[in-house]
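Colleague: build the 3D model from these lines:
(4 chains)
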Protein chains: 2
Amino acid sequence: MNNHTESEENYIKALYHLGGEGAVASGALANRVGAKGPSATQAVRRLASKGLVEVIPYKGVKLTLDGLTLAKHILRKHRLWETFLVEKLGFGWEEVHPIAEQLEHIQSHDLVEKLADYLDSPVHDPHGDPIPQADGKIPPATGKPLQKFSQGSSLKVVRVEDAGTDFFTQLDLLEIRLGKEYTLTSVSSFDSSIQLQAEDGESFWLSHSMSSNIYAISL
Amino acid sequence: MNNHTESEENYIKALYHLGGEGAVASGALANRVGAKGPSATQAVRRLASKGLVEVIPYKGVKLTLDGLTLAKHILRKHRLWETFLVEKLGFGWEEVHPIAEQLEHIQSHDLVEKLADYLDSPVHDPHGDPIPQADGKIPPATGKPLQKFSQGSSLKVVRVEDAGTDFFTQLDLLEIRLGKEYTLTSVSSFDSSIQLQAEDGESFWLSHSMSSNIYAISL
DNA sequence: AGAAAGGTTTAGTTTTGCCTAAACTTATTT
DNA sequence: AAATAAGTTTAGGCAAAACTAAACCTTTCT
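Modeller: Here you go, the predicted structure:
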């Protein structure tokens, strides 16, 4: 049973995103896939009959081992395609999500592995998210949000949350990119905005809502 | 109205393949998409309601201008992806068709044009078939079948028909590739098989069924 | 021209996947 | 503990897309 519809894959993906290996409420699931409650209940029944999920009515839904494997495989494809779109085709990192959402459903084992090879077996996607490997292992998610750092620390940006187009526009405006290094020069105790100084000496302020979506490691 | 299902696109593609701008019988159409008659009749009705085809009941179906534009756009995507799979990912030319059949349905204008750029705006796909251009123009299909050449002519292979896996295997075995040049050294009047001599002096025989699927231009 | 053959369309069913409205469970509040 | 609120599932529809069986045009053959 290796044949799944796009809809099924979307529910599996949502289940993984929301609950990982744990249980998820049907309402949250419906919400995530952009459907109404009854559609989710029904979809979940189909998935259960294929052995991809376990359901306890009125309680929640959980991925089975098979479901988990499938979820990670779809996520692998999604993030490999995002990497391809940015690295090879020159897309901006804010543009790739909806396209990868289509590409992740292409079925060809050969294609995935050849694509991974072509991209030199990347471990992180353009947003810094870990790419599940062919064996199902997932590299650890690195970094912590900027506001967890204390004044004076040196840090390197390693990951950003997908917080919408405007967020990315702002990142581009400030020339914030993965791998860039900064010193945290000050923290406002009033609105928890922070000030970063780049290596070239330029410094700028980041609102709390910006900094909470930017992850870094200390140097 | 820019939103079409995969099924719809497959019917449009089939219609274009079978009839170009002319009319096609519903039976032939059904056959081509791997469905039964009634499914085609029904599908065609849906397409007509979207203005993509014109139907004369019991007579035939024809693409409208919109339908024709869509068909060429899908073919463009299909052949660009085939080119990508062979040139960049290292697939063999016999493997790419089924994968491109999935990729051709990905919807993103930006993606198609960025992909074309990345491949240096190719004019022919890995089988030598012309790739419809962004403006809808289609480069001429080049070459004529090998058995149309006369003894002694020098020729260059420019295109092969997709005649199944075994055909491609045989091509690979004989190291026949697009762009390679040969001299037609003899023609059997018994079974119309032909003998080719490569530039390195090696020569070999090709059955009629092989040579009729190989297209070349004379030098 | 009339009849048989062949291909096309209609009729009615199935599955996936979504919806709204109503019924039902669980949790919370008084 | 009863009532209400919140969330979930059932019931009943609808559209896409496929199927089989039956009815219907066209063409062809005698």
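Colleague: distance of whatever residue of chain A ends up closest to DNA strand C relative to residue A:71?
Modeller: Residue nearest to DNA strand C within chain A (C-beta to the nearest atom of the strand): residue A:5, separated by 2.9 Å. Where C-beta positions appear, they are placed from N, C-alpha and C, glycine not excepted. Distance, residue A:5 to residue A:71, by C-beta to C-beta, to the nearest Å: 15 Å.
Colleague: which one's more surrounded, the two?
Modeller: Between residue A:5 and residue A:71, counting by other C-beta atoms under 10 Å in any protein chain shown, residue A:71 is the more crowded of the two (23 against 11).
Colleague: tell me the confidence at that one?
Modeller: Reported pLDDT at residue A:71 in the predicted model: 97.
Colleague: just say helix, strand or coil for it.
Modeller: helix (DSSP: H, G, I helix; E, B strand; the rest coil).
Colleague: cool, the one 3 residues further on as well?
Modeller: The local conformation at residue A:74, judged by three-state DSSP, is helix.
Colleague: dump the residue contacts of it.
Modeller: Residue A:74 makes contacts with A:9, A:12, A:13, A:104, A:105, as judged by C-beta atoms under 8 Å, 6 or more residues apart in numbering or on different chains.
Colleague: now swap in residue A:14 and tell me
Modeller: A:29, A:32, A:33.
Colleague: what residues does chain A have near chain B?
Modeller: A:85, A:88-91, A:95, A:98-99, A:102-103, A:106-108, A:110-111, A:114-115, A:118 (C-beta under 8 Å from any C-beta of the partner chain).
Colleague: quick check: chain neighbours aside, which residue is closest to residue A:151?
Modeller: residue A:187 (5.4 Å; C-beta to C-beta, 6 or more residues apart in numbering or on different chains).
Colleague: hang on, the earlier thing: relative to residue A:35, how far out is the residue of chain A closest to DNA strand C?
Modeller: Applying C-beta to C-beta to residue A:5 and residue A:35 gives a distance of 14 Å.
Colleague: what do you get for residue A:9?
Modeller: Relative to residue A:35, residue A:9 is positioned 14 Å away (C-beta to C-beta).
Colleague: show me where chain A has its strands.
Modeller: A:53-56, A:60-63, A:144-145, A:154-160, A:181-187, A:194-198, A:203-206, A:214-218 (DSSP state E).
Colleague: so can I have JSON lines of these showing mean pLDDT and distance to residue A:172?
Modeller: Shown next, in JSON lines, are those (pLDDT from 0 to 100; distance: least, C-beta to C-beta, whole Å):
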{"stretch": "strand A:53-56", "mean pLDDT": "96", "distance to residue A:172": "39"}
{"stretch": "strand A:60-63", "mean pLDDT": "96", "distance to residue A:172": "36"}
{"stretch": "strand A:144-145", "mean pLDDT": "96", "distance to residue A:172": "20"}
{"stretch": "strand A:154-160", "mean pLDDT": "97", "distance to residue A:172": "11"}
{"stretch": "strand A:181-187", "mean pLDDT": "95", "distance to residue A:172": "16"}
{"stretch": "strand A:194-198", "mean pLDDT": "96", "distance to residue A:172": "15"}
{"stretch": "strand A:203-206", "mean pLDDT": "95", "distance to residue A:172": "13"}
{"stretch": "strand A:214-218", "mean pLDDT": "96", "distance to residue A:172": "13"}
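Colleague: thanks a lot, see you next time.
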